[in-house]
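J.: Provide a 3D model corresponding to the input given below.
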Amino acid sequence: MKFAIFGNTYQAQKSAHTTRLLEILRKKDAQICISADFYEFLKKVTDTDFTGVEVIEGNNFTADMALSIGGDGTFLKTASRVGNKRIPILGINTGRLGFLADISPEQMEEAFDEIYQHKYQTEERRVLHLLCKGQILKGYPYGLNEIAILKRDSSSMITIHAYINGELLNSYQADGLIVSTPTGSTGYSLSVGGPILVPQSGTISLTPVAPHSLNVRPIVIRDDWEITLQVESRSHNFLVAVDGRSETCREGCQLTIRKANYPIYIVKRCQHSFFNTLREKMMWGADNRK
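T.: Sure, this is the predicted structure:
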């Protein structure tokens, strides 16, 4: 098998996990390629042997599986590099909570034994596509987690006119609005009171950030419906964040959010399920009282 490895470049103390990963893959006679930025980082902070390792420049690569070493943020960056290649992604968690990257470094050897025995499952996850009328966006316009419309810095709240399939849903007066996939429902959206969505539900949620009206609540809609957003701001601009990658947009731009024409595939161990992950990561049912 051929593996493409991506990782974060700011946790030098955890780079030993990558060295161990390379040892495991070499024992399997795997083909290994590493993204150029991660490769340069590892060369500086480790004495790892990179003999036979291919270096990935840009997004022009092929592999049987992509490996993300880090937290969920690293996984999202890996997903943007994989794009529409339909290469499944395995997340190895060296971060904190890790809903997407849920294989611990201690489980790597066992996990790759299962992969080579074809004892794993691949989950299809929907992606959101952002289009902007009136301005050319610089960043990658596809989000696995969410697309957030936010006020800039300390400016006053913004007004977001939201339309679903051309029909007015609401004019949100708030610090922002998060449009989230089921994958992203346990991330930024959850932190502002959004609902948890099951990955296979075929839905997306709209959750306001600090709304001016207490009557405004999150809403869940079908993921094949189109969302159109028009924003008013006293500062005449606002932020658009796609999986955390943010840029400034001018007032008057019309934003359209729709389901992308490709999914992202996530590799899961057979005994892992969404509900197990919820209980473990969110400590549902845990009671530490003596």
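J.: which one is Phe99 nearest to, not counting chain neighbours?
T.: Nearest non-adjacent residue to Phe99, counting by C-beta to C-beta, 6 or more residues apart in numbering: Thr186, 4.9 Å away. (Glycine included, C-beta is placed from N, CA and C.)
J.: no, scratch that, I was asking about Lys268
T.: Gln121 (5.1 Å).
J.: So the one you found is in contact with Cys270, correct?
T.: Yes. Using C-beta atoms under 8 Å, Gln121 is in contact with Cys270, at 5.9 Å.
J.: So which of those two has more stuff around it?
T.: Gln121 (13 against 9; other C-beta atoms under 10 Å).
J.: Check which helix or strand the more buried one maps to.
T.: Assigned by DSSP states H and E, Gln121 belongs to strand 120-125.
J.: worst-scoring helix or strand of this structure, pLDDT-wise?
T.: For the chain, using mean pLDDT, DSSP states H and E, the weakest element among its helices and strands is helix 274-281, scoring a mean of 83.
J.: Pull out the buried positions in that one.
T.: Within helix 274-281, the residues that qualify as buried are Phe274, Thr277, counting by 16 or more other C-beta atoms under 10 Å.
J.: Repeat that for stretch 28-48.
T.: Those would be Ala30, Gln31, Ile32, Cys33, Ile34, Ser35, Asp37, Phe38, Tyr39, Phe41, Leu42, Thr48, for stretch 28-48 by 16+ other C-beta under 10 Å.
J.: Which ones among these lie within helices?
T.: Among the buried residues of stretch 28-48, the residues falling in helices (DSSP state H) are Asp37, Phe38, Tyr39, Phe41, Leu42.
J.: which residue ranges form the helices in the stretch 151-290 of the chain?
T.: 188-191, 274-281 (DSSP state H, counting those that start in this stretch).
J.: And the longest one, what does it pack against?
T.: I take that to be helix 274-281. Packing partners of helix 274-281 (3 or more C-beta pairs under 8 Å, 6 or more residues apart in numbering; DSSP states H and E): none among the helices and strands.
J.: can you check the shortest one too?
T.: Packing partners of helix 188-191 (3+ C-beta pairs under 8 Å, 6+ apart): strand 146-150, strand 176-180.
J.: Can you give me the neighbour number for Leu144?
T.: 27.
J.: That one reaches Pro182, doesn't it?
T.: No. Checked against C-beta under 8 Å, the pair Leu144 and Pro182 is beyond contact range at 10.3 Å.
J.: what is in contact with those two at once?
T.: Arg125 (C-beta atoms under 8 Å, 6 or more residues apart in numbering).
J.: tell me the contacts of the residue nearest to Ala241 when sequence neighbours are not counted?
T.: Once flanking residues are discounted, Ala241 sits nearest to Ala148: 4.4 Å by C-beta to C-beta, 6+ apart. Residues in contact with Ala148, defined by C-beta under 8 Å, 6+ apart, are Gly176, Leu177, Ile178, Val179, Tyr188, Val209, Leu239, Val240, Ala241.
J.: related to what we said a few turns ago, mind putting the helices and strands packed on helix 188-191 in TSV, mean pLDDT and distance to Asn60 included?
T.: As requested, the helices and strands packed on helix 188-191 are arranged in TSV below (pLDDT from 0 to 100; distance: least, C-beta to C-beta, whole Å):
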stretch	mean pLDDT	distance to Asn60
strand 146-150	97	26
strand 176-180	98	30
